[in-house]
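1. structure for the following, please:
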Amino acid sequence: MRKIAVFGRQGVNGVAVTTRLLQKAFGSIGIECPFFVTNSPLPDIRGFDAVIFHGWFHARPHKGDTMHGRSGRDDGNLNNIIGTAHRHNIPVLVNGNWDDHPNCAGWMIRRTDQLSKLGETWRWAVYSPWVIADPRLEKISKWIQTLPHQVNQFSGSADHNAVNVCIGEVGKLGRRKMVGDLSVQEAIDAILPHIPPHAKVVAYDRYANKNTPKFSNLSIEKPGPKQFLAWLRQFRVFVSLSKYESFNMVPAEAMGLGIPVMYRRMPQSLDSYIGFAGIGFNAIEELGFMFPEVYGNTKLRTALLRSGIHQSKVIDDTLVATTWVQALKSIKKRR
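-> Numbering: from 1, shown residues only. Okay, here's the model as predicted:
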């Protein structure tokens with residue numbers, strides 16, 4: 001393959017960052033990847049060897065479907081791409097945006113049924129084998145491809161004298177569809193007794209949230225995109241509280257800096273990517289029990305630091321690009 005059209009979003013959100021990382025990965029093996037905004041007028045895709053649609057295109061297929069609730073031209077463009085690609089035998093990978101939210105499986109099944117009627121040369125791209133293994137998705141498993149997710153590769157390391165703790169993006173902390181039944185305040189309260197009086201529990205606000213949730217003893221900081229890496233280095237531990245998310249990139253980036261990561265077990269995301277390089281928990285009680293060791297046990301911290309940096313280097317540009325290309329080639333209809 002020489003030329004792949006990549007459709008994505010602009011900005012600093014996770015989908016936009018992942019789109020740019022995919023372009024970078026394909027470029028590392030000499031593939032040209034023109035970028036198109038997902039909700040812009042659709043270009044002619046017939047001159048491309050393949051298409052990757054990496055938009056945030058979830059829409060309500062019918063009244064009452066509360067999953068994501070986004071609509072607009074993204075979905076219409078995807079319909080047109082699938083139909084054109086089928087007629088010209090162009091393989092398409094579509095970002096599944098899969099998470100373990102109760103509404104997501106039903107949405108994905110309905111959307112698969114709609115898209116499969118438009119063409120056959122496409123598949124969902126997801127980032128964990130847990131998705132295909134999910135019994136709720138058994139009937140559409142042939143439409144799903146498990147692929148590696150690239151993250152930013154950083155040089156250098158975190159500040160090993162750091163004392164602060166990061167618990168993620170503040171907008172997600174106030175959304176039940178991200179944290180589920182977890183009490184964010186209880187998580188903060190479980191951390192506080194084990195850090196020095198001058199240390200802070202911090203959340204970041206990258207997207208200028210208008211309705212920032214209020215929590216006691218939580219500092220909210222607003223690092224700019226260019227300052228985010230330097231800002232991230234200040235933390236001693238990163239605690240990810242998300243339960244429903246397709247891929248939580250920032251804790252993975254923190255792990256690559258040598259910051260020990262604790263994460264709420266999400267089989268579809270961090271459990272697969274971080275694995276034994278981090279510490280997973282399912283409940284506040286487990287967080288409270290394990291956090292003091294991750295924060296203060298030197299031997300454990302050294303082991304997590306080394307395994308985290310090693311794990312972050314396993315999935316490089318070449319691996320991502322070649323795996324995605326193999327997946328695209330496997331989708332093409334046999335002539």
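2. residue ranges for the strands of this protein, please.
-> 4-8, 35-37, 50-53, 92-95, 122-126, 144-146, 164-169, 201-204, 219-221, 235-240, 261-264, 279-281 (DSSP state E).
3. give me the residue ranges of the chain where confidence is low.
-> 10-14, 55-76, 97-102, 153-156, 177, 207-211, 244-246, 267-272, 333-335 (pLDDT under 70).
4. so it: which segments form each domain?
-> As given by automatic domain parsing, the domain ranges for the chain are 4-150+316-331, 164-314.
5. what's the end-to-end length of the last one?
-> In other words, domain 164-314. 28 Å (Cα to Cα, to the nearest Å).
6. follow-up on the earlier one: okay if I get the strands of the chain as JSON lines plus distance to Ile81 and mean neighbour count?
-> All C-beta atoms are positioned from the backbone trio N, CA, C, and that covers glycine. What follows is the strands of the chain, written out as JSON lines (distance: least, Cβ to Cβ, whole Å; neighbours: other Cβ atoms under 10 Å):
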{"stretch": "strand 4-8", "distance to Ile81": "8", "mean neighbour count": "24"}
{"stretch": "strand 35-37", "distance to Ile81": "10", "mean neighbour count": "16"}
{"stretch": "strand 50-53", "distance to Ile81": "6", "mean neighbour count": "24"}
{"stretch": "strand 92-95", "distance to Ile81": "6", "mean neighbour count": "24"}
{"stretch": "strand 122-126", "distance to Ile81": "8", "mean neighbour count": "24"}
{"stretch": "strand 144-146", "distance to Ile81": "17", "mean neighbour count": "20"}
{"stretch": "strand 164-169", "distance to Ile81": "30", "mean neighbour count": "23"}
{"stretch": "strand 201-204", "distance to Ile81": "34", "mean neighbour count": "20"}
{"stretch": "strand 219-221", "distance to Ile81": "39", "mean neighbour count": "14"}
{"stretch": "strand 235-240", "distance to Ile81": "33", "mean neighbour count": "25"}
{"stretch": "strand 261-264", "distance to Ile81": "34", "mean neighbour count": "26"}
{"stretch": "strand 279-281", "distance to Ile81": "37", "mean neighbour count": "20"}
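7. quick one: which of these is nearest Gly27?
-> Counting by Cβ to Cβ, Gly27 lies closest to strand 4-8 out of the strands of the chain; the figure is 10.3 Å.
8. the closest one pairs with which strands?
-> strand 35-37 (parallel), strand 50-53 (parallel) (DSSP bridges).
9. thinking again about what came up before, adding distance to Ala158, write the domains of the chain out as JSON lines.
-> Below are these laid out as JSON lines (distance: least, Cβ to Cβ, whole Å):
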{"stretch": "domain 4-150+316-331", "distance to Ala158": "20"}
{"stretch": "domain 164-314", "distance to Ala158": "5"}
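10. make TSV out of the strands paired with strand 4-8 and add distance to Asn79.
-> TSV is the format used below for those (distance: least, Cβ to Cβ, whole Å):
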stretch	distance to Asn79
strand 35-37	16
strand 50-53	11
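11. out of those, nearest to Pro213?
-> Nearest of the strands paired with strand 4-8 (Cβ to Cβ): strand 35-37, 30.3 Å.
12. give the contact list for the nearest residue to Leu182 once chain neighbours are set aside.
-> Leaving aside its chain neighbours, Leu182 sits nearest to Leu241 (6.0 Å; criterion: Cβ to Cβ, 6 or more residues apart in numbering). Listed by Cβ atoms under 8 Å, 6 or more residues apart in numbering, the contact partners of Leu241 are 167-168, 172-173, 179, 182, 184, 187, 264.
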